[in-house]
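>>> Got a predicted structure plus its sequence, pasted below:
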Amino acid sequence: MNHRLREDAEKIVRGAIRAVCPDEAVRRALEHVELSGRIYLVAVGKAAWQMAAAAIKYLQKPVYEGIVVTKYDHVMGQLPGISCFEAGHPIPDENSYRGTQAVLDMVKDLKAEDTVLFLLSGGGSALFEKPLVHTDLLQEITRKMLGNGADIVEINTLRKRLSAVKGGRFAMWCAPARVESIILSDILGDPVDMIASGPAAEDPVTREQAKAVAAKYGVDMDEAVRECLDLETPKKLTNVHTQIIGSVRELCAAAEREAAALGYETVFLSDHLNCEARDAGRYLAQELLKRKELNRKIAVIAGGETVVHLTGTGLGGRNQELALAAAELLAGTANAALISAGSDGTDGPTDAAGGYVDADTLADLEKAGMDYNFMLRNNDSYHALQAVGGLVITGPTGTNVNDVTVALLG
């Protein structure tokens, strides 16, 4: 392993993630909201605790009552006057339903002069849920779509229809109170109706479009699902004001600044990566290798949210698979490396944020007795990278604005 490149790669990624932590962005957003009556704070998503902590710090008025619903191990301590729930992601579980019900109980009798400060971040689709179908069926549908390579927009199109709180329905629960929605975006293009499945956003998706997604992925269309798909979601909400405070573009820009500070010439490719993870890894490795004859320090940077089509039974996430797929192309090219990580610190159902590979990774896997092609085909990027010290582990970061990938020539 090239330890100097590894050190640079992690500095770039960690510095970029620090730059998009929500504290300052929440403070700026609060300057543009009117908070009348009693303030009820609801924070949902992987960055919920951090956003709630920032809001409490910068609010000019005390919170009357508040609830945080976030992923397991993402609560960093007690917050005054706030109840914290940790729950399942990317598949909702009983704690998701319990935390969501607590929120609904809190907001059910609000008055028109009250305000719900709704702090939303990615991951909310699983964490904030009151299903309209049996919970086992909801989990089965989610797993099937994730495993078949559905993108987040397709998944959330169905989630909205199968939920009592998504697709604008949470805003209706809060009425007549006003909802001040502050959103940390984790979806390309920042569509407010898709981030966490849009609990407080008008839903432009039609019943016909939802049914087409269900048919595409072979969703079990039992009577309960058919009834949900026939129900219309709110198309007009009059009690919601929304601000977007973060995006993957800001993450990529921060990565460019970090790389430049380390002496790299930066090449920004895209903040809209949304293809197969392994295709993205090979593409970015190729883009890097095109520049090796320049004999300069180069950082090729991209961001987005790739997908994994499960064909095996291994363990991993999209960033780990992206990195592992790049290893074959980087093999033998001195001073070449690639790192890919999720800004929230978690990648798939693992404890890693992503993966790192360089010119030595392929040879190191062979020395460890691992068949590279089999590990990739089996979607077992976690164990492959673990064997060669290629996992990137940050722990929960307090933010969530998609993924960043950096390919380096030293």
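Structure received.
>>> mind listing the strands for this protein?
Here the chain has its strands, by DSSP state E, at 39-44, 65-71, 82-87, 115-121, 178-184, 240-246, 265-273, 298-304, 336-342, 354-358, 391-392, 403-409.
>>> what's the most buried one of those strands?
By mean neighbour count, with neighbours taken as mean count of other CB atoms under 10 Å, strand 354-358 ranks first of these at a mean of 32. (Glycine included, C-beta is placed from N, CA and C.)
>>> Now do the helices in the stretch 151-300 of the chain.
Assigned by DSSP state H, counting those that start in this stretch, the stretch 151-300 of the chain shows helices spanning 152-161, 169-174, 207-216, 223-230, 248-261, 277-289.
>>> Now distance to residue 103 too, for the ones you listed, in a markdown table please.
As requested, the helices of the stretch 151-300 of the chain are arranged in a markdown table below (distance: least, CB to CB, whole Å):
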| stretch | distance to residue 103 |
| --- | --- |
| helix 152-161 | 17 |
| helix 169-174 | 8 |
| helix 207-216 | 24 |
| helix 223-230 | 21 |
| helix 248-261 | 27 |
| helix 277-289 | 33 |
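>>> follow-up on the earlier one: can I get the strands of the chain in TSV with distance to residue 367 and mean pLDDT?
Supplementary listing: the strands of the chain in TSV, determined by distance: least, CB to CB, whole Å; pLDDT from 0 to 100:
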stretch	distance to residue 367	mean pLDDT
strand 39-44	45	98
strand 65-71	36	97
strand 82-87	40	98
strand 115-121	41	96
strand 178-184	42	95
strand 240-246	41	93
strand 265-273	31	95
strand 298-304	28	97
strand 336-342	18	98
strand 354-358	15	98
strand 391-392	17	98
strand 403-409	23	98
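>>> out of these, nearest to residue 231?
strand 240-246 (20.1 Å; CB to CB).
>>> before we move on, back to that, now for the strands of the chain, which one comes closest to residue 6?
Using CB to CB, the strands of the chain put strand 354-358 closest to residue 6, at 5.9 Å.
>>> Regarding the protein, what is its longest helix?
When the chain is parsed with DSSP state H, its longest helix is helix 3-19.
>>> per-residue confidence averaged over that one?
Taken as a whole, helix 3-19 has a mean pLDDT of 96.
>>> Now do it: distance to the chain's middle.
20 Å (CA atoms, centre = their mean, to the nearest Å).
>>> could you say what helices and strands it packs with?
Packing contacts for helix 3-19, counted by 3 or more CB pairs under 8 Å, 6 or more residues apart in numbering; DSSP states H and E, involve helix 248-261, strand 336-342, strand 354-358, strand 403-409.
>>> Just put the strands of the chain in TSV and tack on distance to residue 141.
As requested, the strands of the chain are exported to TSV (distance: least, CB to CB, whole Å):
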stretch	distance to residue 141
strand 39-44	21
strand 65-71	20
strand 82-87	18
strand 115-121	22
strand 178-184	25
strand 240-246	27
strand 265-273	26
strand 298-304	24
strand 336-342	23
strand 354-358	27
strand 391-392	30
strand 403-409	24
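>>> And these: which comes nearest residue 328?
Residue 328 lies closest, by CB to CB, to one member of the strands of the chain: strand 354-358, at 9.2 Å.
>>> What are the contacting residues of that closest one?
By CB atoms under 8 Å, 6 or more residues apart in numbering, the residues outside strand 354-358 that reach it are 1-2, 5-6, 9-10, 13, 317, 319-320, 322-324, 326-327, 330, 336-342, 347, 381, 385, 390-392, 403.
>>> Format the helices and strands packed on helix 3-19 as a markdown table; extra columns: distance to residue 370.
Formatted as a markdown table, those follow (distance: least, CB to CB, whole Å):
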| stretch | distance to residue 370 |
| --- | --- |
| helix 248-261 | 30 |
| strand 336-342 | 19 |
| strand 354-358 | 13 |
| strand 403-409 | 23 |
